[in-house]
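Chemist: Fold the following, please.
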Amino acid sequence: MTPADATGLASELAELAADRALLGRTSTAERVAAILRGRITEGLFRPGVRLSEERIGGALGVSRNTLRESFRLLTHERLLVHRLNRGTFVRVLDVADIQDIYRARRLVECAAVRGLGAPPYVLDDVRAAVETGERAAARADWQELGTANIRFHQAVAGLAGSVRVDDMMRGVLAELRLAFHVMADPRRFYEPYLSRNRQILDALDAGDAEGAERMLGFYLEDSRRQLVEAYPAEPESAAR
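Modeler: Numbers count the residues shown, from 1 in each chain. Predicted coordinates for the structure are as follows:
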């Protein structure tokens, strides 16, 4: 392990330790999995990284059995992969995964907008994500902009008002974040869509769900094509 890797690991574990309070007195594998899923979505754990049971369990203050069960849950969600005699790694996606993720996103996100009733719409979460993204771009914080973009799409799916859709999209969007991690220039993949997020919000604000859905459909197709064209044919990772 290089000094830079050690520094990065220490930072990651410190952030996880801050999540310990979220577990409260009812520490469960599901809650641990939710924390790790959220941290993957935020970009804390990158594709190919081996997850240390001892260090992560210590940071969160949970037993090894609880942590292993949370790993199993996230493996089922296709976020982690277990390698015999090697450990558990954050999964690396391939192009087929990306195509399937966008297929699911189009079905869910566009349907959520299409299913809106009469305006006005409750857009608090959508608006918060757009504004967070704009502030991150002003600071040139491209990782935070990526997280804000993920939250924007989670909020769009949330317009469906379905707990099941929300749960499904959390997993789908966490997977998507793994794809963006292997790209050399994250700014290139996030910044151009920030203004489009604002345009979709403005259309919804104006009560134009049909226009917002149309813009969202073009947006997702452009994003899918851009990512697939630039994605490495063989992303380098120990988890492959």
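Chemist: Setting the sequence-adjacent residues aside, check what's closest to Y231.
Modeler: V95 (5.7 Å; Cβ to Cβ, 6 or more residues apart in numbering). Placement of C-beta: from N, CA and C, glycine included.
Chemist: just checking, that neighbour touches P232?
Modeler: No - contact status for V95 versus P232: not in contact, 9.3 Å apart, counting by Cβ atoms under 8 Å.
Chemist: In the protein, which residue sits furthest out from the middle?
Modeler: Note on the chain: the largest C-alpha distance from the chain mean falls to A118, namely 30.1 Å (Cα atoms, centre = their mean).
Chemist: quick one: buried residues of the helix ranked longest in the chain?
Modeler: With secondary structure taken from DSSP state H, the chain has its longest helix at helix 209-230. For helix 209-230, the neighbour count (16 or more other Cβ atoms under 10 Å) marks A209, G211, A212, E213, M215, L216, Y219, L220, S223, R224, L227 as buried.
Chemist: Likewise for stretch 197-209?
Modeler: Per 16+ other Cβ under 10 Å, stretch 197-209 contains these buried residues: N197, R198, Q199, I200, L201, A203, L204, A209.
Chemist: What's the mean pLDDT across the helix or strand hosting the third one?
Modeler: The reference is to Q199. Counting by DSSP states H and E, the element that carries Q199 is helix 186-205. For helix 186-205, the mean per-residue pLDDT is 92.
Chemist: Which strands or helices does that helix pack on?
Modeler: helix 124-138, helix 142-158, helix 163-181, helix 209-230 (3 or more Cβ pairs under 8 Å, 6 or more residues apart in numbering; DSSP states H and E).
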